[in-house]
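S.K.: Have a look; sequence and predicted model below, questions after that.
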Amino acid sequence: MSSSPRLRPAVRGLVIDNSNSVLMVKLVFPHGEWWVMPGGGIEENEDLHTALQRELAEEVGLTAFEAEGVLWLRDHHFAMSSTDGVQWDGQSETVFVVRTERFTPSPLMSQAELHAENLHAYQWWSIDEMLLNSECNNFSPPDIAIRLHQFVSSDSWTPLHIVQHNDSIVSECLL
C-alpha cells in the first residue's frame, strides 16, 4: 500500500504590473537556481490570503493589494526540506493574481533572512523577456512564460490544476 506524497501547502502571487511585467524572485540552492513567483509555505492556522499577505510583505515589501483570484493550483513533486528542517515530497501551491503599479521591492525580511530562505534576487520581467530567456534562465514552472502569455491574452481565464514532477509537467486540468 503506497502512501500519499507529503506536499507542503504554499501560496504564491503573480505580481503583475499595468504593462504585464511580472515580479519574480530568484531562489538559489546547491543544485540549481530558479526564478519563481514570490511566496512560500503556509504557516499553521494561517489561511491562504493571510499567508499571501505575509509572504509578499516579507519577500518583496508589497503590503497593500487585493488578490483578484486564483491563477492556478500546482502540485510540484520534488524532494525538499523546509527552513525548519521538515522533509517534504514537494509543494502544493495556490497562485493568486495580484495586479499592482510597478514598485521597487523593499522586503520586510533582512538580506540574511532572505538568504536563509534561499531568496537572492528579484526582478521585473516582461513576458516577452521570459519567452526569450526561458532556455538560459530556469523559470518555475518551466513553461510559465507561455502560460502567462495565454493568461494576459485571454478575455477570461479558467484556473488550472497543474501536476509537475521535478521539471516535467505530467498533467493539467481545468478547476
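M.R.: Now that the structure is in, tell me what you want to look at. Residues are numbered from 1 along each chain as shown.
S.K.: Starting from residue 24, give me the distance back to the residue nearest to the spatial centre of the chain.
M.R.: Nearest residue to the geometric centre of the chain (CA atoms, centre = their mean): residue 37, 3.2 Å. The gap separating residue 37 from residue 24 is 6 Å, by CB to CB, to the nearest Å. The C-beta positions use only the backbone N, C-alpha and C, and glycine is treated the same way.
S.K.: Hmm, the residue nearest to the centre of the chain is touching residue 13, no?
M.R.: Yes - Residue 37 is within contact range of residue 13, at 6.0 Å (criterion: CB atoms under 8 Å).
S.K.: Are there residues contacting both of the two? Which ones?
M.R.: Taking CB atoms under 8 Å, 6 or more residues apart in numbering as the criterion, residue 37 and residue 13 both touch residue 95.
S.K.: Now for residue 134: which residues touch it?
M.R.: Taking CB under 8 Å, 6+ apart, one finds 142, 145 in contact with residue 134.
S.K.: Need the per-residue pLDDT for it.
M.R.: Predicted confidence (pLDDT) for residue 134: 76.
S.K.: can you pull out the strands in the protein?
M.R.: For the chain, the strands defined by DSSP state E occupy 7-16, 21-29, 32-36, 39-41, 69-81, 87-99, 119-126, 160-165, 168-174.
S.K.: Check the protein for its longest helix and report it.
M.R.: In the chain, with assignment by DSSP state H, the single longest helix is helix 48-60.
S.K.: Could you pull up the mean pLDDT of that one?
M.R.: What helix 48-60 shows for mean pLDDT is 98.
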